[in-house]
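> no letters, just coordinates:
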């Protein structure tokens, strides 16, 4: 997995998985525009504690 980070604050903003080439996932905490993209899927929910 490769993570992308904000050049200004270092926050993790995206990641790429070798198992899904060509797909880049963007973390919701990096989006500040409430009228922007909508949530498409929940992942890792079974791992949440």
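Arrived safely, thanks for sending. Note that the structure is predicted; figures quoted are calculated from it, not measured.
> low pLDDT regions in this protein?
Across the chain, residues meeting the criterion (pLDDT under 70) sit at 33-34, 36-37, 39, 47-49.
> now with 90, please.
Scanning the chain for pLDDT under 90 picks out 1, 6, 8-13, 19-22, 24-49.
> which residues in it form strands?
Ranges of strands in the chain, per DSSP state E, are 2-5, 12-16, 24-26.
> need those strands in JSON lines (columns: distance to residue 35 and mean neighbour count).
All C-beta spots, glycine's among them, are computed from the backbone N, C-alpha and C. Shown next, in JSON lines, are the strands of the chain (distance: least, CB to CB, whole Å; neighbours: other CB atoms under 10 Å):
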{"stretch": "strand 2-5", "distance to residue 35": "23", "mean neighbour count": "12"}
{"stretch": "strand 12-16", "distance to residue 35": "19", "mean neighbour count": "14"}
{"stretch": "strand 24-26", "distance to residue 35": "16", "mean neighbour count": "13"}
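> export the ones you listed to CSV and tack on distance to residue 45?
Formatted as CSV, the strands of the chain follow (distance: least, CB to CB, whole Å):
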stretch, distance to residue 45
strand 2-5, 20
strand 12-16, 17
strand 24-26, 15
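> among those strands, which is nearest residue 38?
Proximity to residue 38 (CB to CB) singles out strand 24-26 among those, at 12.3 Å.
> select, out of the strands of the chain, the one closest to residue 40.
So among these, strand 24-26 is nearest, using CB to CB, at 9.9 Å.
> quick one: contacts of stretch 24-37?
4, 6, 11, 12, 13, 14, 15, 16, 17, 39 (CB atoms under 8 Å, 6 or more residues apart in numbering).
> again, 6 Å this time
13, 14, 15, 16 (CB atoms under 6 Å, 6 or more residues apart in numbering).
> which parts of that stretch are buried?
Buried residues in stretch 24-37, counted by 16 or more other CB atoms under 10 Å: none are found.
> list the contacts of residue 6.
With CB under 6 Å, 6+ apart, residue 6 has these contacts: residue 13.
> recalculate using a threshold of 10 Å.
12, 13, 14, 30 (CB atoms under 10 Å, 6 or more residues apart in numbering).
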